[in-house]
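> below is the structure, and that's it, no one-letter string:
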């Protein structure tokens, strides 16, 4: 989650900027999402279901929504059927407390089980449904020592139901981002993502092509630059497939990769407006290369 005061200027400065991309992703569409509830906004992660219509989105304040995209005949987002915001619960079935709410990453198994990573009390919790109580996942020893507000920013699940999580910061520009993978009841660090420049981790997903998509962002001082890198499941074959110009989009923090009916890979991205009126909740979609 990004909390610098300067980011409040982003929306004003970037409304008329045209997205540019340096590699092979192709801009498809962008939709500005707004609703009436006072707790609407702060979206930090998104999961789009295989049909490209239904999706989950979670917020920094510990809320989740299951909503639906309304799409045109060519797949463009034309509206959203809002499913309201539901408070996530803790392991006692109670609403999250102030120091539990900072939800950042979401991953969903094929059977519907939901996993959420949190920056406050660095952890991953799992839910049988959006309204169920949480269950603790084991924690890697590193989690307790992670920097406040910069820990488990991203979460993904692969086709073998293995979880992956990555901290927002690595600690040094020369230090790679460790990738934590959960399988057989424990977390290990099978590989890391090289750190390239000043970009920080924002989101993560494993696409239907069984490759990892890492969403990163860099705050330039007045706007954001977005980057997507793609890796094999062993962390190899790194490829940068998108780097936007500064100000092309708002503070994109969530990524979900899926295939449309034509078999085209789509990356759906969502922005965190930090609950600031000068920013916006933006949903952006890019066509991805095979």
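Perfect, I can see it now. Computed from a predicted structure; not experimentally measured. Residues are numbered from 1 along each chain as shown.
> torsion angles phi and psi at the residue positioned nearest the centre of the chain?
Residue closest to the average C-alpha location in the chain (Cα atoms, centre = their mean): residue 254, at 2.2 Å. Per-residue torsions, residue 254: phi -120, psi 140 (degrees, to the nearest 10).
> is it in contact with residue 48, as I believe?
No. Counting by Cβ atoms under 8 Å, residue 254 does not reach residue 48; the two are 9.8 Å apart. C-betas here are computed from N, CA, C, even on glycine.
> might you report the residue contacts of the residue nearest to the centre of the chain?
43, 44, 45, 46, 57, 106, 202, 203, 215, 269, 270, 272 (Cβ atoms under 8 Å, 6 or more residues apart in numbering).
> and the helices in this structure?
Assigned by DSSP state H, the helices in the chain fall at 10-14.
> chain neighbours aside, what residue packs nearest to residue 183?
Leaving aside its sequence neighbours, residue 183 sits nearest to residue 162 (Cβ to Cβ, 6 or more residues apart in numbering; 4.5 Å).
> quick check on that neighbour: phi, psi?
phi -90, psi 130.
> can you pull the contacts of it?
Residue 162 is in contact with 181, 182, 183, counting by Cβ under 8 Å, 6+ apart.
> now residue 120
Residue 120 makes contact with 99, 100, 101, 102, 148, 149 under the criterion Cβ under 8 Å, 6+ apart.
> so where is the stretch 101-250 of the chain shaky, pLDDT-wise?
Within the stretch 101-250 of the chain, the set of residues satisfying pLDDT under 70 is empty.
> phi, psi for the residue nearest to residue 185 when sequence neighbours are not counted please.
Leaving aside its sequence neighbours, residue 185 sits nearest to residue 138 (Cβ to Cβ, 6+ apart; 6.7 Å). Phi and psi for residue 138, reported as degrees, to the nearest 10, are phi -60, psi 150.
> residue 138 touches residue 187, doesn't it?
Yes. In this structure, residue 138 is within contact of residue 187 by Cβ under 8 Å, at 6.6 Å.
> neighbour-wise, which of those two wins?
A direct count of neighbours by other Cβ atoms under 10 Å for residue 138 and residue 187 places residue 187 higher, at 19 against 11.
> returning to what we had before: how about the contacts of residue 162 in CSV, adding distance to residue 38 and neighbour count?
Listed next are these as CSV, based on distance: Cβ to Cβ, whole Å; neighbours: other Cβ atoms under 10 Å:
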residue, distance to residue 38, neighbour count
181, 38, 19
182, 35, 20
183, 40, 14
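> now go through these and say which are in strands.
181, 182, 183 (DSSP state E).
> closest to residue 63 out of those?
residue 182 (24.5 Å; Cβ to Cβ).
> nearest residue to that closest one in space, please, no chain neighbours.
residue 163 (4.0 Å).
> any idea how far the one you found is from residue 198?
Using Cβ to Cβ, to the nearest Å, residue 163 is found at 27 Å from residue 198.
> again with residue 113
Using Cβ to Cβ, residue 113 is found at 36 Å from residue 198.
> show me which of those two is the more surrounded one.
Set residue 113 next to residue 198 and count neighbours by other Cβ under 10 Å: residue 113 wins out with 16 against 11.
> in contact with that one, which residues?
Applying Cβ under 8 Å, 6+ apart, the residues contacting residue 113 are 126, 127, 128.
> hang on, the earlier thing: right, and the residue nearest to residue 182 touches residue 155 too?
Yes. Residue 163 is within contact range of residue 155, at 6.7 Å (criterion: Cβ under 8 Å).
> can you list residues touching both of these two?
Joint contacts of residue 163 and residue 155 (Cβ under 8 Å, 6+ apart) are 107, 115, 124.
> of the residues you listed, which is the nearest to residue 224?
Comparing the shared contacts of residue 163 and residue 155 against residue 224 with Cβ to Cβ places residue 107 closest, at 23.8 Å.
> and the residue nearest to the closest one when sequence neighbours are not counted, how many neighbours does it have?
Counting by Cβ to Cβ, 6+ apart, the nearest residue to residue 107 once its immediate chain neighbours are dropped is residue 157, at 4.0 Å. Residue 157 has 21 neighbours, counted by other Cβ under 10 Å.
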